[in-house]
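Colleague: quick one, fold the following:
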Amino acid sequence: MSVILIFASLLAAIIPMFIYLLLIWWMDRNEREPLWLMLLNFGWGATGAIFLAIIGSLIFQIPLSTLISNSYDGNAEELISLSGAVVTAPIVEEFTKGIFLMIMASTRRFDGIVDGVVYGGAIGLGFGMTENFMYFVSYPDNWLLIVIVRTFFSAVMHAMAQATFGGFIGFGKFKPAILKFILIPTGYFAAVFLHFSWNLTVSFEETALAGFFFMFSYLIALLAIFQIALYLESRTVLRELTEEASSGLFPQEHLRFIPFVTKKYKYGWCPQFVNQKEYVKTAVMLGLRKFQMKNTTGFSRRRYETDVDNLRYLIKRMFYDASLKYQQNSNNRPY
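Modeller: Model (predicted):
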């Protein structure tokens, strides 16, 4: 195997996935997650999820292969290979990718559907990157074709499947326990079904075109759902911040800007000497934490209450510091 092939495969595996990762991060326009946290999820997909998937697939495939060998009279080897792609891989890989996603969902960084899609997509892209590299160096004869198919479809499938799982987890996070028990397994099996459908359709020339069409249609639907989730999240922020404006935390007219992606960074509405970017970020987070506080109980609620108090204090401090700077600036003006 040539060094040039390895280097080209490495670049072809890494660069597109990082571009996709930045695109997903940019799409979360209400409250973007820290890049280091996106990279942490991406890293799990690229390392931990892959490692566990290899072990899990070996364990899961052994009894399945034995069953096929003992019960199938035809070409057992071909069927065993197909079962690994359409049965073992979807079940095991979506589970190993989802382990870290479930851990993320237990933290306060995980706000709902939008974060679930973003974090899940990051994990899937990391998984796709490592898997792509393994494929690229293993099949040098059809290298360019494999790079194209896996970069634009197979790796994207991993991101979409785990983003689907994350969306269900996010939707269920602040729901009653009985709904969580329904939504989380449903999200996992939805991810498995997407993975299964893609692997099955592209395993046969007769159905490959249907597989590509299915993937494209699913991507459009997922993007539409993501936009709806962003809109609903902004409405939640508006509703919660309306209470804060009514209590005098900040001016009522700021509600026309803070919750809206297209307006919040426009020039002219933010008070002089207030860091607009930090103010908007803090206010949006306040709205989300208030919603989460109202929909949790016990220790979790107390933690969110502390966050809400701290965020209110930060906003008050911003206005206080800005007022001091304004007075100092006024006093230093020549008359």
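Colleague: helix, strand, or coil at Asn30?
Modeller: Following DSSP: H, G, I helix; E, B strand; the rest coil, Asn30 is assigned to coil.
Colleague: report how many residues lie close to the closest residue to it other than its chain neighbours.
Modeller: In space, and not counting its chain neighbours, Asn30 is closest to Glu233: 5.2 Å by Cβ to Cβ, 6 or more residues apart in numbering. To be clear about C-beta, it is placed using only N, CA and C from the backbone, and glycine gets the same treatment. By the criterion of other Cβ atoms under 10 Å, Glu233 has 24 neighbours.
Colleague: 29 is where my numbering starts, stick with that
Modeller: New numbering, starting at 29: the last item is Glu261.
Colleague: and the strand or helix carrying Glu261, what does it pack onto?
Modeller: Glu261 belongs to helix 233-274 when assigned by DSSP states H and E. For helix 233-274, the packing partners by 3 or more Cβ pairs under 8 Å, 6 or more residues apart in numbering; DSSP states H and E come out as helix 141-166, helix 183-200, helix 205-229, helix 304-322.
Colleague: what separates the strand or helix carrying Phe123 from the chain centre, distance-wise?
Modeller: Here Phe123 sits within helix 117-133, counting by DSSP H and E. Offset of helix 117-133 from its chain centre (Cα atoms, centre = their mean, to the nearest Å): 13 Å.
Colleague: then stretch 35-44?
Modeller: Counting by Cα atoms, centre = their mean, stretch 35-44 is centred 22 Å from the centre of its parent chain.
Colleague: where are the low-confidence patches of the stretch 79-228 of the chain?
Modeller: In the prediction, the stretch 79-228 of the chain carries no residues with pLDDT under 70.
Colleague: count the residues that sit near the residue lying closest to Ala350 once chain neighbours are set aside.
Modeller: Distance criterion Cβ to Cβ, 6+ apart; nearest residue to Ala350, sequence neighbours excluded, is Phe301 at 3.9 Å. Neighbour count for Phe301, taken as other Cβ under 10 Å: 15.
Colleague: convert the C-alpha atoms of stretch 347-361 to CSV, please.
Modeller: C-alpha atoms of stretch 347-361 as CSV (Å, rounded to 0.1, in the frame of the first residue of the first chain):
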residue,chain,number,x,y,z
PHE,A,347,-26.4,46.9,32.2
TYR,A,348,-24.8,48.2,35.4
ASP,A,349,-21.3,48.2,33.9
ALA,A,350,-22.6,49.8,30.7
SER,A,351,-24.3,52.5,32.8
LEU,A,352,-21.0,53.2,34.7
LYS,A,353,-19.1,53.5,31.4
TYR,A,354,-21.7,55.8,30.0
GLN,A,355,-21.5,58.1,33.0
GLN,A,356,-17.7,58.1,32.9
ASN,A,357,-17.8,58.9,29.2
SER,A,358,-20.2,61.7,29.8
ASN,A,359,-18.1,63.2,32.6
ASN,A,360,-15.0,63.1,30.4
ARG,A,361,-16.6,65.0,27.6
